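Enquirer: Okay, here's the prediction I keep looking at, along with the sequence it came from:
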Amino acid sequence: MTLLPKNRFSSAVTATILQVIFSLVIIFTTIDLRTIAVSAGQSTANSAALKKIQDLVERNQLDAAERQLWEIVTREPENAPAIRVLGTIRMLQKRFPEAEALFKRTLVIAPDSAGGYRNLGELYALQNRRDEAITAFLKAHDLEPKDIKTSLELGKLYQEAGEFQHSIEIIDAIPSAQRPSAVLPILASDYFGLKQPEKVAALAPLVQRDAATNLSLVPKFARVLTENGFVDDAEELLKSTSERQKSTPDYLMVLARVQELQGQLPLAERTLARVSRMDPKSFDAYFQAARVASKQNDFKGESTLLTSALALRPDDAETLHHLVLARMRAGIPVQAVSAAQHLYSLQPDDPDAVYLLAAALANHAEWHDARPIAEKLVKLRDDVASHVVFGMVLLNDGDIEGASQQVERALTRNPDETEAHYYKGVIARQHGDLPGAIKEMEIVVAANPKHVLAQGELGTLSMQTGDVEGARKAFEQAVAVRPDVAENHYQLALAYGRLGLQDKAREQMVEFQKLRKAADAAKAQGTASGEAPGNKPPPQR
């Protein structure tokens, strides 16, 4: 899928036409530190002092700025510009309620302060309070309709809210000679949202032109292309500007995303490692690298990277969510439970957090502790996955009848749910109904031949009913999918022995002993449970 014809980012004719229509300037400001007009009662000395304080804030010397600021506020408690700067400091310190109170205070003192409304809008945007941010910026826009920064922020907020036409109208109202290049990624998102990709193509030469003077422009525009499925176009833009574009962390991040989406996972991994070396505190680099590791089935690597990301944002729910799953897949269930408990402490009534804690406890065979969590889960969320997890927990906590009820509820909601069929088969085996158990396992492996648990169960059941050839096929499939599961090698050795294939039986027994020895060593070191999750059905009580 391509956005433009070949050489679409280097059309001199298009660029020339658009340069006449769309002359751009660049704005680098992020937080509005512009002061409102000095009131009659405000001394010139205080005004100069306030300018120095603003400079300290821009250099992130917040403690020094605050000390000097209090001297002014103490003398002049109605000094709106000083209170605004104090509010900005509180915003940068992530003390949002205090910042909001201070900005609102400035609007009581100076109700017509566009800057006060801009600050309030920026604060709301930081907290993802988009509707309130739009309202605040609209008030600032009404007071100063020609202010470019206000229009830019308002256009961005409308775009994020999906109000694409409003976003375009706000941006179009900026005089062409004053329109900043920062609007280009916003407009691209608007046009994609309105299903007008041909208009995105017309913006590309301007992005290429301004790449050297606005280092964030190409990464932002390329990311918009990538997010809308135009990955090859994003790659061409990155290549066409590479000589003029400095390899900033943002540039490398979007390059890695392109590489990832094109299936160049090792290359994406190396690019993200460059980002981490340039900026060891880049949360996004660790998070994106973890996703790349997961796609390569490197779950231990994924877990390590997510742990690094979590160190930068200790209470980030999305990171914890992925970390629980990564640790379960990596075979480190104790750490998976720890991460799940952390997430649950942050979101005790969130169904996903409750589900992950129940699953992590079950993965570590802590059935008694998992039971009340799983019971809470089905009350919060009446869906297939919840009933399957609760059924699994009840089965392993000795309540076979309760487990059967949960499994049947899951199958009522989705008759094709393979995990429900798997546990229905396990329950049938518990009741001694081997044909019924085989039937359920066959349903599972027909739908998912790589279901290791079901293949192992089917192999065991086939051996018990005298179908040695069927057992051989099932265990061979299980070993092919998960060669690290010792028990399946042992059972396959028995099947080969029964079929007279002694050489193959010895090979499998050697592999079993090697894996068992490694698992025993791991247990002795206290590093793991000895088996990766999903190796065998949950142990029965």
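Expert: Structure's in. What do you need? Residues are numbered from 1 along each chain as shown.
Enquirer: Helices of the stretch 101-250 of the chain, start to end?
Expert: 114-126, 130-143, 148-160, 164-172, 183-193, 197-201, 204-209, 217-227, 231-240, 249-261 (DSSP state H, counting those that start in this stretch).
Enquirer: Least confident of the ones you listed, on average?
Expert: For the helices of the stretch 101-250 of the chain, mean pLDDT drops lowest on helix 204-209, to a mean of 90.
Enquirer: Show me which residues of that helix are buried.
Expert: Residues of helix 204-209 classed as buried by neighbour count (16 or more other C-beta atoms under 10 Å): Ala204, Pro205, Leu206, Val207, Gln208, Arg209. (Each C-beta comes from the backbone N, C-alpha and C, glycine too.)
Enquirer: Could you export it as PDB, CA atoms only?
Expert: Extracted in PDB, the C-alpha atoms of helix 204-209 (Å, rounded to 0.1, in the frame of the first residue of the first chain):
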ATOM      1  CA  ALA A 204       5.500  15.700   2.100                       C
ATOM      2  CA  PRO A 205       7.700  18.100   0.200                       C
ATOM      3  CA  LEU A 206       7.300  20.700   3.000                       C
ATOM      4  CA  VAL A 207       8.300  18.100   5.600                       C
ATOM      5  CA  GLN A 208      11.400  17.300   3.600                       C
ATOM      6  CA  ARG A 209      12.300  21.000   3.200                       C
END
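Enquirer: Who are the packing partners of it?
Expert: helix 12-21, helix 217-227, helix 231-240 (3 or more C-beta pairs under 8 Å, 6 or more residues apart in numbering; DSSP states H and E).
Enquirer: Next, format the buried residues of helix 204-209 as JSON lines and append distance to Asn414.
Expert: Output for the buried residues of helix 204-209, formatted as JSON lines (distance: C-beta to C-beta, whole Å):
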{"residue": "Ala204", "distance to Asn414": "46"}
{"residue": "Pro205", "distance to Asn414": "51"}
{"residue": "Leu206", "distance to Asn414": "50"}
{"residue": "Val207", "distance to Asn414": "47"}
{"residue": "Gln208", "distance to Asn414": "50"}
{"residue": "Arg209", "distance to Asn414": "54"}
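Enquirer: Quick check: of those residues, which lies closest to Phe287?
Expert: Nearest to Phe287 among those: Val207, at 26.0 Å, using C-beta to C-beta.
Enquirer: Can you tell me how far the closest one is from Glu236?
Expert: Distance from Val207 to Glu236, counting by C-beta to C-beta, to the nearest Å: 12 Å.
Enquirer: State the next helix or strand along the chain beyond the helix or strand where Leu395 lies.
Expert: Leu395 is part of helix 384-396 when elements are defined by DSSP states H and E. Sequence order places helix 400-413 as the next helix or strand after helix 384-396, per DSSP H and E.
Enquirer: the inter-axis angle of that next one versus helix 384-396?
Expert: Angle, helix 400-413 to helix 384-396, by axes from the mean of the first three to the mean of the last three C-alpha atoms, to 10 degrees: 160 degrees.
Enquirer: C-terminal to helix 400-413, what's the next element?
Expert: Sequence-wise, the next helix or strand downstream of helix 400-413 (DSSP H and E) is helix 418-430.
Enquirer: Show residues contacting that following helix.
Expert: For helix 418-430, the surrounding residues in contact (C-beta atoms under 8 Å, 6 or more residues apart in numbering) are 384, 387-388, 391-392, 395, 400, 403-404, 407-408, 410-411, 414, 434, 436-441, 443-444, 447-448, 451, 453-454, 457, 461, 537, 540.
Enquirer: what about 7 Å?
Expert: Contacts with helix 418-430, where a contact means C-beta atoms under 7 Å, 6 or more residues apart in numbering, come from 384, 388, 391-392, 395, 400, 403-404, 407, 410-411, 436-437, 440-441, 443-444, 447-448, 451, 453-454, 457, 461, 537.
Enquirer: Please apply the same query to stretch 367-376.
Expert: The contact list for stretch 367-376 (C-beta under 7 Å, 6+ apart) reads Val354, Leu357, Ala358, Leu361, Ala362, Val389, Phe390, Val393, Asn396, Asp397.
Enquirer: Pick out the most distant pair among these.
Expert: Top of the distance list for the contacts of stretch 367-376 (C-beta to C-beta): Val354 and Asn396, 18.2 Å.
Enquirer: Compare the two (neighbour count), which wins?
Expert: Taking neighbours as other C-beta atoms under 10 Å, Val354 and Asn396 compare with Val354 leading, 26 against 23.
Enquirer: Mind checking what secondary structure that one has?
Expert: Secondary structure for Val354, judged by DSSP: H, G, I helix; E, B strand; the rest coil, is helix.
Enquirer: dump the residue contacts of Val183.
Expert: Leu152, Gly155, Ile171.
Enquirer: burial count for Lys376?
Expert: 19.
Enquirer: swap in Phe390?
Expert: By other C-beta under 10 Å, the residues close to Phe390 number 28.
Enquirer: Skipping adjacent residues, who's closest to it in space?
Expert: Ala374 (4.2 Å; C-beta to C-beta, 6 or more residues apart in numbering).
Enquirer: Doesn't that neighbour belong to a helix?
Expert: Yes: assigned with three-state DSSP, Ala374 falls within a helix.
Enquirer: do you know how far it is from Glu98?
Expert: Ala374 is 41 Å from Glu98, by C-beta to C-beta.
Enquirer: Lys517 now?
Expert: Plainly put, Lys517 is 60 Å away from Glu98 if you go by C-beta to C-beta.
Enquirer: What of Thr241?
Expert: From Thr241 across to Glu98, the span is 42 Å (C-beta to C-beta).
Enquirer: Please apply the same query to Val200.
Expert: Distance, Val200 to Glu98, using C-beta to C-beta: 41 Å.
Enquirer: Comparing the two, which shows the higher neighbour count?
Expert: Val200 (23 against 14).
Enquirer: per-residue confidence averaged over the longest helix anywhere in the chain?
Expert: Across the chain, the longest stretch assigned as helix under DSSP state H is helix 502-525. Per-residue pLDDT values over helix 502-525 give a mean of 89.
Enquirer: With stretch 403-410 instead?
Expert: Mean pLDDT, stretch 403-410: 96.
Enquirer: Might you calculate how far it sits from the centre of the chain?
Expert: Offset of stretch 403-410 from its chain centre (C-alpha atoms, centre = their mean, to the nearest Å): 32 Å.
Enquirer: and that stretch, which residues are buried?
Expert: Going by neighbour count (16+ other C-beta under 10 Å), the buried part of stretch 403-410 is Ala403, Ser404, Gln406, Val407, Arg409, Ala410.
Enquirer: Any chance of a markdown table for the residues you listed, columns distance to Gln54?
Expert: Below are the buried residues of stretch 403-410 laid out as a markdown table (distance: C-beta to C-beta, whole Å):
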| residue | distance to Gln54 |
| --- | --- |
| Ala403 | 65 |
| Ser404 | 69 |
| Gln406 | 62 |
| Val407 | 65 |
| Arg409 | 62 |
| Ala410 | 61 |
